[in-house]
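Asks: Please work out how this folds:
(chains A and B)
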Amino acid sequence: MDPIEPFRKEVENAIGLGLKAMGVDQRFEIELPPADIADFALPCFQFAKALRKSPVAIASDLASHIPKLDLVSEVWNDKGYLNFRFNEMTLVDLTLKEILTSKDAYGCWPSQGTSILLEHTSVNPTGPIHIGRARNPLIGDTLARCLRLSGYEVTTEYYVNDVGKQVVLLAWGIEHIPPSDVPQAERGKADHRLVGYYRKANELMESDPEVGEEIADMLRKFEAGDREVIEKVRRTAQTMLDGIVESLEAVGVELDDFIWESQFILDGSAKDVVERLKGTRYCVEEEGAFYLDLAEFGVHGRDTKFFFTRSDGTTLYTTRDMAYHIDKFRRADCLINILGEDQKLGMIHLASALKILGVEKVPENVFYSFVSLPEGRMSTRKGTVVTLDDLIEEAEERALGEVKKRRTDLTEEEMRVIARAIGRGSIRYNIIRVQAEKPIVFRWEEALNFEGNSAPFVQYAHARACSILRKAGAYEPKVVPSLLTDPYEKKLVRVLARFPGVVRECGEKRRIHVMPSYAHELASSFNQFYTYVPVLKAGDARDARLGLVESSMWVLRNCLRSMGLGTPEEM
RNA sequence: GGGCGUGUGGCCUAGCAUGGACAUGGCGGCAGCCUCCUAAGCUGCAAGUCAGGGGUUCAAAUCCCCUCACGCCCGCCA
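Replies: You can find the predicted model right below:
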């Protein structure tokens, strides 16, 4: 399973016994220091108060209380730390055997017996998905992959916004605006073709009050459950959605289910939420509309009013979102939503309202900041966007150019397949490598970087490993720790051993950016090994080194897959 | 005005939850490395008031307070 676990257990156990012997009964946590210092370390500062001794003296005392260990070759104190060095032969042996028997399951944890419903993307179907929002599906999809590897049963879901002014406006535009009034789209994809109507309809609504009245009329019919209007709007939304889904699939994002917002109007569950909220003591009426007063829930000022009906009795977006969340809680143990930072207040309102209704569980939210352009925020309505399709096309083209520079032996189609993996991978990698709450300013030269900390860097290391294995022909992968003594080999093994822990950290902490970090370190360690340690001409050590190369290949491959990146065997 | 978030070498970024050993790595810059498993690689060098100020602590990028800058939100929109 996790090759580090036996070491951790032994060390923690020994420390526990040592501390007990010294009369300390205190919780402690061991750290993973930089590899050149030690493998595990216990900071002893935390015991200084209880023992009234210097951390240095404690570390020294404690060292003398640690018995001889099986898996640890060295225990020493240094500047107030008690350090441990693994028995390297054992580490190499356990790690490589684990990888070579598990192969593509290395890093996979056993079932946790918990189901997770992960909602992500959920962008309004009013235009092609642009990179301002593209962080959502990429974070969501990567998190889903890491959670599945961590042993959770994950379902991903896209909540389709087919209710409200924006989609109705689009449907109206398609019906009433002649094609000649809309600028020719650059692409034939439905989402690109249709977005012109959305922009034009917005302009018309702003300049012509009659249009606004027509939209309002459609909206009323929609809310009243008018089948014809709902069908018309849904068809429009579906067409847009098809285009969006196609873009998502191009970057390796596939969703399990699509839930339509209008469902909660049609099945009456949104109205049901309204009735239940009206019966609570937080409910206040204001000129026919109803809201909850959430002053008790940590919100301030004007934010305390959470309206859940209009004065005409119709429901609002958040009301329907409540019905959706109640529905989701019936279907899974745990809910996670990937949301833009603009949704924060809304989610506080929603969580408070759910609590008021007696829902015990709360949805977990992962918020991300939007990707903006150097000149500012993107807007579908204004047309100031770089679409995901633009980026994919540019990245693939650029990647193809790079492949052609280095490979003259491949067919055009073979080169395209590789370029696709590199181009699409780069997009994913560049977005997920930065933590979600940090803002990103999109720059073409950064997005199309294929060197250093990038997807191709990791993919290249994998391709190099594959290349060695290909050239090795038939061989027997052997685990011979005594033949893997080079510092570069030992360093690489230590990195390989950490992979299962990293998978888990990404899943449990919902912090997927640590995977790209790890991936870069892994690829870098492999490249150093590759540069300095010959494999095919290694003589006696050849099979042992091939075992290490194959192990590296599996971990690189599993790591790439956990991020949804392609794994080309040559580049 | 209030709330939430972000601020780390020229640029990007890790570390912040659980304070601790010289602040991680990349891009760009400079200097090197392909008769040998793909140089999308490897090695070395230069470059930092961890936004600013105060506090807590033996110890602060990390915790607390204040200030500044930027982003997002504060609709009977979605």
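Asks: all contacts plus neighbour counts: C-alpha atoms, from now on.
Replies: Noted.
Asks: give the contact list for A:F367.
Replies: A:338-341, A:344, A:436-437 (CA atoms under 8 Å, 6 or more residues apart in numbering).
Asks: what about it, distance to RNA strand B?
Replies: Look at A:F367 and RNA strand B: by CA to the nearest atom of the strand, to the nearest Å, they are 9 Å apart.
Asks: Tell me if that residue really is in a strand.
Replies: Yes: looking at A:F367 with DSSP: H, G, I helix; E, B strand; the rest coil, it is inside a strand.
Asks: Chain neighbours aside, what residue packs nearest to it?
Replies: Nearest non-adjacent residue to A:F367, counting by CA to CA, 6 or more residues apart in numbering: A:L339, 4.9 Å away.
Asks: With A:N558 instead?
Replies: Per CA to CA, 6+ apart, closest to A:N558 is A:D104, 6.2 Å.
Asks: returning to that earlier point: would you format the contacts of A:F367 as JSON lines with distance to RNA strand B and pLDDT included?
Replies: Compiled in JSON lines, the contacts of A:F367 are given as follows (distance: CA to the nearest atom of the strand, whole Å; pLDDT from 0 to 100):
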{"residue": "A:I338", "distance to RNA strand B": "14", "pLDDT": "98"}
{"residue": "A:L339", "distance to RNA strand B": "10", "pLDDT": "97"}
{"residue": "A:G340", "distance to RNA strand B": "7", "pLDDT": "96"}
{"residue": "A:E341", "distance to RNA strand B": "5", "pLDDT": "95"}
{"residue": "A:K344", "distance to RNA strand B": "7", "pLDDT": "95"}
{"residue": "A:A436", "distance to RNA strand B": "7", "pLDDT": "96"}
{"residue": "A:E437", "distance to RNA strand B": "5", "pLDDT": "95"}
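Asks: Max pairwise distance over these: which two?
Replies: Farthest-apart pair in these is A:K344 and A:A436; separation 13.8 Å (CA to CA).
Asks: So which of the two has more stuff around it?
Replies: A:A436 (24 against 14; other CA atoms under 10 Å).
Asks: hang on, the more buried one is in a helix, isn't it?
Replies: No: counting by three-state DSSP, A:A436 is not part of a helix but coil.
Asks: Contact residues of the stretch 201-350 of chain A facing RNA strand B?
Replies: Within the stretch 201-350 of chain A, the residues that sit near RNA strand B (CA under 7 Å from any atom of the strand) are A:286-289, A:299-303, A:305, A:307, A:309-312, A:316-318, A:341-346.
Asks: If you rank every helix and strand of chain A by mean pLDDT, what lands last?
Replies: Least confident helix or strand, chain A: helix A:48-51 with a mean of 81, by mean pLDDT, DSSP states H and E.
Asks: And it, how far out from the chain middle?
Replies: In this view, helix A:48-51 has its centroid 42 Å away from the chain centroid, taken as CA atoms, centre = their mean, to the nearest Å.
Asks: Need phi/psi at A:Y159.
Replies: phi -90, psi 110 (degrees, to the nearest 10).
Asks: burial of it, as a residue count?
Replies: Using other CA under 10 Å as the criterion, A:Y159 is surrounded by 18 other residues.
Asks: Just give me the residue right at the centre of chain A.
Replies: Centre of chain A computed as the mean C-alpha position; nearest residue by CA atoms, centre = their mean is A:I139, 3.0 Å away.
Asks: Look up how far A:E254 lies from the residue of the stretch 351-500 of chain A found nearest RNA strand B.
Replies: Closest residue of the stretch 351-500 of chain A to RNA strand B, CA to the nearest atom of the strand: A:G452 (3.1 Å). As judged by CA to CA, to the nearest Å, A:G452 and A:E254 stand 28 Å apart.
Asks: A:S379 now?
Replies: Computed as CA to CA, the A:S379 to A:E254 distance reads 25 Å.
Asks: the more surrounded of those two?
Replies: Counted by other CA under 10 Å, A:S379 and A:E254 do not tie: A:E254 has more neighbours, with 16 against 13.
Asks: pLDDT score assigned to the residue lying closest to the more buried one once chain neighbours are set aside?
Replies: Computed as CA to CA, 6+ apart, the closest residue to A:E254 that is not its neighbour in sequence is A:L248, at 6.9 Å. Looking at A:L248, its pLDDT reads 97.
Asks: Read off the pLDDT value for the nearest residue to A:V480 once chain neighbours are set aside.
Replies: Of all residues not flanking A:V480 in the chain, A:A544 sits nearest, at 5.5 Å (CA to CA, 6+ apart). pLDDT recorded at A:A544 is 95.
Asks: same question, A:G376
Replies: In this model, A:G376 is scored at 89, pLDDT.
Asks: what number of residues lie near it?
Replies: Neighbour tally, A:G376, other CA under 10 Å: 11.
Asks: Okay, it and A:T384: tell me how far apart.
Replies: For A:G376, the distance to A:T384 equals 9 Å [CA to CA].
Asks: if we can go back for a sec, show the buried residues in the contacts of A:F367.
Replies: Using 16 or more other CA atoms under 10 Å as the burial test, the contacts of A:F367 include A:338-340, A:436 as buried.
Asks: now those in TSV, with secondary structure?
Replies: Shown next, in TSV, are the buried ones among the contacts of A:F367 (three-state DSSP):
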residue	secondary structure
A:I338	strand
A:L339	strand
A:G340	strand
A:A436	coil
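Asks: neighbouring contacts of the helix or strand containing the residue nearest to the centre of chain A?
Replies: Remark: A:I139 resides in helix A:135-149, with elements defined by DSSP states H and E. With contact meaning CA under 8 Å, 6+ apart, helix A:135-149 is reached by A:107-109, A:118-121, A:153-154, A:156, A:248, A:253-254, A:338-340, A:368, A:370-371, A:428, A:431-432, A:436, A:503-504, A:506-508, A:510-512, A:562-564.
Asks: Weed out the non-buried ones from the residues you listed.
Replies: A:107-109, A:118-121, A:153-154, A:156, A:248, A:253-254, A:338-340, A:368, A:370-371, A:428, A:431-432, A:436, A:503-504, A:506-507, A:510-512, A:562-564.
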